[in-house]
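# The sequence isn't on hand, but the structure is:
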């Protein structure tokens, strides 16, 4: 409950993490499924995309188009494990556009979709985000 309250204060939203019942065979600290539409998962996915954009050599920014699977683990904060599809946008990196105002690429020869796995660690009480794992193909 404390972690959910902390997450709520960090995200300014409700907590959408399913906590298993006491008789569950799930071990404490194990990753649990998370709602792919929850604000916390969406925010974590966006952090993963920002990290990808900062490390890629592409001329255009990419943006999350679909979250396929989300898991969360409570360990000194929240560790999100996400399977996300990202697509190339019409926004060029050098113009530093906000991803919210970027539309997906419409030109056939410039369209590109990548499947990514992100691990995003959020420590709400320190207001710290770390994205140690970004694998896209």
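Noted; the coordinates are in hand. Remember, predicted model here, so these are calculated numbers, not experimental data.
# State the helix or strand in which the residue sitting nearest the centre point of the chain lies.
With distances taken as C-alpha atoms, centre = their mean, the chain has residue 45 as the residue nearest its mean C-alpha position (1.5 Å). Take DSSP states H and E as the rule and residue 45 turns out to sit in helix 39-55.
# Where does the prediction get shaky in the protein?
1-28 (pLDDT under 70).
# Residue 29: what secondary structure?
Using DSSP: H, G, I helix; E, B strand; the rest coil, the secondary structure recorded for residue 29 is coil.
# Residue 117 versus the nearest residue to it once chain neighbours are set aside, what's the distance?
The shortest distance from residue 29 to any non-neighbouring residue, by C-beta to C-beta, 6 or more residues apart in numbering, is to residue 75 (6.0 Å). The C-beta positions use only the backbone N, C-alpha and C, and glycine is treated the same way. Distance of residue 75 to residue 117, given as C-beta to C-beta, to the nearest Å: 18 Å.
# Equivalent analysis for residue 31, please.
When residue 31 is compared with residue 117 (using C-beta to C-beta), they lie 13 Å apart.
# intersection of neighbour lists for those two?
Contact with both residue 31 and residue 117 is made by residues residue 81, according to C-beta atoms under 8 Å, 6 or more residues apart in numbering.
# Could you tell me which residues within stretch 70-87 count as buried?
Counting neighbours by 16 or more other C-beta atoms under 10 Å, one finds that the buried residues in stretch 70-87 are 70-74, 77-84, 86-87.
# Okay, and which of those residues map to strands?
Of the buried residues of stretch 70-87, the ones assigned to strands by DSSP state E are 70-74, 78-84, 86-87.
# Could I get those residues in TSV, plus columns for distance to residue 54?
As requested, those are arranged in TSV below (distance: C-beta to C-beta, whole Å):
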residue	distance to residue 54
70	22
71	24
72	23
73	24
74	27
78	21
79	20
80	18
81	20
82	17
83	20
84	16
86	13
87	17
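# between those residues, which is nearest residue 110?
Nearest to residue 110 out of those is residue 87 (C-beta to C-beta; 10.5 Å).
# Correct me if wrong: the closest one contacts residue 60.
No - contact between residue 87 and residue 60 fails when scored by C-beta atoms under 8 Å: they sit 9.9 Å apart.
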